[in-house]
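A.B. asks: Fold the following for me, if possible:
(chains A and B)
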Amino acid sequence: MDSMGTRATQVGSVGIVTPKEFTFGSSTAPLELESGKTLYPITVRYETYGNLNKEKSNAILILHAFSGDAHVAGYKTEQDRYPGWWDPMVGPGKPFDTNKYYVICSNVLGGCQGTTGPSSINPATGKPYGLSFPLITIGDMVKVQRYLIDHLEIERLLTVVGGSMGGMQALEWAITYPERVRSAIVIAATPRLTAQGIAFNAVGRNAITSDPNWNGGDYYGKAIPSRGLAIARMVGHITYLSEQSMHDKFGRRLQNREQYGFDFNDQFAVESYLEYQGDKFVERFDANSYIYISRAMDYFNLDEKYGSLGAAFRRTQAKFLIVSFTSDWLYPPKQSKEMVFALMKEGKDVSYAELDCPYGHDSFLIETERQGKLFSSFLENLYAH
Amino acid sequence: MRTNLSERVFQEIAQLVPTGSRVLDLGCADGDLLEYLSRTKQVKGMGVDIDETMVLQCVARGISVFQGNLDEGLRDYQTSSYDFVILSRTLQVVHKPVLILKEMVRVGKHAIVTFPNFGYLPIRLQLLLKGQMPVTPSLPFQWYDTPNIHLCTKKDFRNLCKALGILILKEIDLWNSKRIPAFLGNLCATEVCFLLQGSNNGNTK
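C.D. replies: Numbering: from 1, shown residues only, chains lettered A, B, ... in the order given. Prediction:
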């Protein structure tokens, strides 16, 4: 244990967190998906931090990104080496201050961390869904979250906040359930996945489906398509970084040698890093979830779904804070600004910050200090009024 | 810190802006003018500033703000989408004053511009008698570290408006936060404030 005491009592940390579960949906009241298909039952695994106040006016819903999960902050066990993925943002005295706010995060539909997805058991067959799981959308993920918020008996969220795919969900929340959100913090997001984004997702999916172990998605209980999934992650990971951040982190350094050996044991530091990221990912992620979630992102297009971006935003009531990062080439500032101007055109209350930050798309996970100041100021002002 | 002069400039601007107007403030800094206008005139305001620290302060005050560079113009802003576009004590720091003025009268039904008058007598005298670049309370910078790259006199600004076909609806001349007659402005005003309108906007009225 570190000098700050045990995991459970660490200062500024939410401590040890136990996930909760909630199940809904039946043959008579199934979840209706955007595709027209239905699904039941749905289990949602989620975490909460802090306490809901009497007026139920202090609830914040955090929406995780593609490879994220509901474990935003704190530790799962005393032995846990690393805290949740946005630990610097959530906790007592932190930007999403758990002394003040009630923070919720749930695993997305289609994922593999406890919320129903392709690796879940289909009650009809007693076997994992695999590819019999229906295709889902970002809107479907948000609908499932709305069931959770209903279950928690929260009428109106103080804010919905997320980066990347989490930002897409925040947008869907503000558009689909305008009366349920007071504000939306949309970070490193886009109103639609571009052809370039779809292309990267396609390479990832191809890596998985070309792995012989994938076996048409039917690999549960057998050898998993780990190589394919690792390569998918490697490609994805490149898109989350920037040229600058890769240069700063690795340069052209070799991993274990000073000079080129001109044999196949030569390995650059960046190669070794990607291998490591790929292998680590395989331990915690399901290949079919990768396919389904990346497909959900491919479908994401607010113009198409609502007729135009203006039409999408016309129905919103939330106060928006939109944030982008200068070095993010996956969802560049241009795409955030397009949303800002569309909101302004509709006369909506929107603020925009473009943070000068070298870490690429991943900035939303890494640059927590400046984002933290921004979000806490934004929320404090909102919560006080 | 807000000086008496800037407080006075705020008051003058507030008198030009009807209650409930839609206001875009370019170079809004920490949002103090917009906060003042929201409080006194219940405007629906939006600020633009390039500096992250300023953006943060606006957000903390609940002022809507867009982090952006005025030198890129206002091309994504709809024509006549604001009642007033304000450029307060910012004209002298922008790289393209002509672009920004044209854009202001396009995006705003009216525009308000305030700036320190470089024709102010003590400024002229500093250059004439001391042979040095002027340094005054309104323009406290040495020539080598000033952000003010486009200083002008009241007369210069009037000439530019004329050349651009921008109508001057009102001129306010301040000498250390006191109103002075317009004919004294170019020589005696420390700060000037203009209410403008694009000629196209004017014709449609």
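A.B. asks: Flag every residue of the stretch 201-350 of chain A that's near chain B.
C.D. replies: Within reach of chain B by CB under 8 Å from any CB of the partner chain, the stretch 201-350 of chain A has these residues: A:321, A:337, A:340, A:341, A:344, A:345, A:349, A:350. Glycine gets a C-beta too; all of them are placed from N, C-alpha and C.
A.B. asks: 7 Å instead, please
C.D. replies: Within the stretch 201-350 of chain A, the residues that sit near chain B (CB under 7 Å from any CB of the partner chain) are A:337, A:340, A:341, A:345, A:349, A:350.
A.B. asks: Reformat the residues you listed as a markdown table; add distance to residue A:10.
C.D. replies: A markdown table is the format used below for those (distance: CB to CB, whole Å):
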| residue | distance to residue A:10 |
| --- | --- |
| A:337 | 39 |
| A:340 | 38 |
| A:341 | 43 |
| A:345 | 46 |
| A:349 | 37 |
| A:350 | 37 |
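A.B. asks: and the two most separated of those?
C.D. replies: A:337 and A:349 (16.5 Å; CB to CB).
A.B. asks: From the rest of the structure, what touches stretch B:110-129?
C.D. replies: B:9, B:13, B:16, B:83-89, B:91-92, B:104-105, B:132-134, B:136, B:138-139, B:151-155, B:186-197 (CB atoms under 7 Å, 6 or more residues apart in numbering or on different chains).
A.B. asks: Tell me how many other residues crowd residue 128.
C.D. replies: Using chain A here. 20 (other CB atoms under 10 Å in any protein chain shown).
A.B. asks: if you could check chain B rather than the one you did, that'd help
C.D. replies: The burial count for residue B:128: 10, using other CB under 10 Å.
A.B. asks: related to what we said a few turns ago, in helices, which of the contacts of stretch B:110-129 appear?
C.D. replies: Using DSSP state H, the members of the contacts of stretch B:110-129 that fall in helices are B:9, B:13, B:16, B:104, B:105, B:154, B:155, B:186, B:187, B:188.
A.B. asks: Generate a PyMOL selection restricted to the buried entries among those residues.
C.D. replies: In PyMOL, a selection of the buried entries from the ones in helices among the contacts of stretch B:110-129 looks like this (16 or more other CB atoms under 10 Å in any protein chain shown):
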select buried, chain B and resi 9+13+16+104+105+154+186+187+188
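A.B. asks: Let me know the closest of the ones in helices among the contacts of stretch B:110-129 to chain A.
C.D. replies: residue B:104 (16.1 Å; CB to the nearest CB).
A.B. asks: ok, the closest one - contacts?
C.D. replies: B:85, B:87, B:111.
A.B. asks: now with 6 Å?
C.D. replies: B:85, B:111 (CB atoms under 6 Å, 6 or more residues apart in numbering or on different chains).
A.B. asks: end-to-end on stretch A:118-125?
C.D. replies: Stretch A:118-125 has an end-to-end distance of 13 Å (criterion: CA to CA, to the nearest Å).
A.B. asks: swap that for stretch A:123-140, please
C.D. replies: Note: stretch A:123-140 ends 20 Å apart using CA to CA.
A.B. asks: try stretch A:238-246
C.D. replies: 9 Å.
A.B. asks: pLDDT averaged over that stretch - what is it?
C.D. replies: What stretch A:238-246 shows for mean pLDDT is 95.
A.B. asks: Could you check the pLDDT of the residue nearest to residue A:224 when sequence neighbours are not counted?
C.D. replies: Nearest residue to residue A:224, sequence neighbours excluded (CB to CB, 6 or more residues apart in numbering or on different chains): residue A:213, at 6.0 Å. pLDDT recorded at residue A:213 is 98.
A.B. asks: Understood, closing this out.
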